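[1] Let me see the structure of the following:
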Amino acid sequence: MKPIRTEEDYKNYLKRTDALMDMPETQENIDELEILSILVEKYEEEQFPINTPDPVEAIKFRMEQMGLTNSDIAPSLGGHNRVSEVLKGKRGLSINMIRKLHKDFNIPYESLIGA
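    Here you go, the predicted structure:
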């Protein structure tokens, strides 16, 4: 077995993975499936990275979902001026803001941190 270097390799490994899922659970098949899974996962991480959302976009999205106004989130951000600064990208989120936004509006920490 070799690393996945092309789209064709990737497709072939996926086909083989599917075939192994339908085969008897011998130690040899289990080992091969594990190796293929590792190779496929590595290729997918490199070729199809998942970008984390921008924290400001995460806040705006939640505001839209919940029908919130700037006034509604002002207490979580420290006032009306802070809301405007944060939503325009002029001010970053503090740890305290992140905690309050998560607690008050259930915005995932990962989205607010941008990591």
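[2] How far away from the center of its chain is the longest helix anywhere in the chain?
    In the chain, ranked by residue count with DSSP state H as the criterion, the top helix is helix 27-47. Taking C-alpha atoms, centre = their mean, to the nearest Å, the mean C-alpha location of helix 27-47 is offset from the chain mean by 21 Å.
[3] could you say which helix or strand contains the residue nearest in space to the middle of the chain?
    Taking C-alpha atoms, centre = their mean, the centroid of the chain lies closest to residue 52, which sits 4.9 Å from it. Under the criterion of DSSP states H and E, residue 52 resides outside all helices and strands.
[4] Enumerate the residue intervals of this protein where per-residue confidence is below the cut-off.
    When residues are selected by pLDDT under 70, those of the chain lie in 115.
[5] domain ranges for it?
    Using automatic domain parsing, the domains assigned to the chain come out as 7-47, 55-113.
[6] and the end-to-end length of the longest one?
    Yep, that's domain 55-113 we're talking about. From the first residue to the last, domain 55-113 extends over 7 Å; the measure is C-alpha to C-alpha, to the nearest Å.
[7] do the first one as well
    Looking at domain 7-47, the gap from its leading to its trailing residue is 10 Å under the measure C-alpha to C-alpha.
[8] Repeat that for stretch 97-113.
    Between the opening and closing residues of stretch 97-113 lies a distance of 11 Å (C-alpha to C-alpha).
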